[in-house]
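1. below: sequence and its predicted model.
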Amino acid sequence: MTYWAAAVVLVVVNAAAMAANLLLLPGNWMMVASLCLFLLAVGHPESGPDWSTLLVCAVLAAVGEIVELAAGSATAGRAGATRRSMLLSLIASFVLSVAGTFAIPVPVIGTVVGAVAGAAAGAYAGAWLGEAWAGRHPGQRDRIGRAAMTGRLLGMTIKIIIGAAIFVVQAVSLWL
């Protein structure tokens, strides 16, 4: 496969991976994997991305995952959540984001909205249930649930922004 044909495939696959990020799938890691396959397919061209570009993209993807995972729990923790609430928030967020992808029967847009809304609702519900289990009063449950939901949405947003950075790094490196 020629360099530019492989480059077009890389950009198309990465665009699909960016869309996967919106569905709360591991799109950043898909972009890292696609760059790895690109590098294996084209060999050692004189210009373009290289293994150091892959390393930069992998580090960005790891940072994105850590931020997404930690943001909801950290925000809830600062609001005074118990460990149980943080864990339930994480689990419920994942489960409801998957369920949400099927909840709104509008192709693509409904799937994205359902996944994001499900993740946010799951973060809130999990934290709320964890705090109820711990015997906290309703005001505390609500405050901690809102903090978990806000953190989850913030984490997802940061991960998507990092995914855009990975996309740009790879696209720009094709011409360097």
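-> Arrived safely.

2. what packs against the longest helix seen in the chain?
-> Counting by DSSP state H, the longest helix found in the chain is helix 138-173. In this structure, helix 138-173 packs against helix 3-22, helix 27-42, helix 51-78, helix 83-103, helix 109-133, with contacts taken as 3 or more CB pairs under 8 Å, 6 or more residues apart in numbering; DSSP states H and E. The C-beta positions use only the backbone N, C-alpha and C, and glycine is treated the same way.

3. pLDDT averaged over the first one - what is it?
-> In other words, helix 3-22. For helix 3-22, the mean pLDDT works out to 92.

4. need the contact partners of it.
-> 1, 26-28, 30-31, 34-35, 38, 41-42, 45, 48, 108, 112, 115-116, 159-160, 163-164, 166-167, 170-171, 174 (CB atoms under 8 Å, 6 or more residues apart in numbering).

5. buried among those residues? Need that as a selection in PyMOL.
-> PyMOL command restricting the contacts of helix 3-22 to the buried ones, with burial defined by 16 or more other CB atoms under 10 Å:
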select buried, resi 26+27+28+30+31+34+35+38+42+48+112+115+116+159+160+163+166+167+170+174
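
6. related to what we said a few turns ago, turn the helices and strands packed on helix 138-173 into a markdown table, including distance to residue 145.
-> Below are the helices and strands packed on helix 138-173 laid out as a markdown table (distance: least, CB to CB, whole Å):
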| stretch | distance to residue 145 |
| --- | --- |
| helix 3-22 | 24 |
| helix 27-42 | 27 |
| helix 51-78 | 8 |
| helix 83-103 | 8 |
| helix 109-133 | 4 |
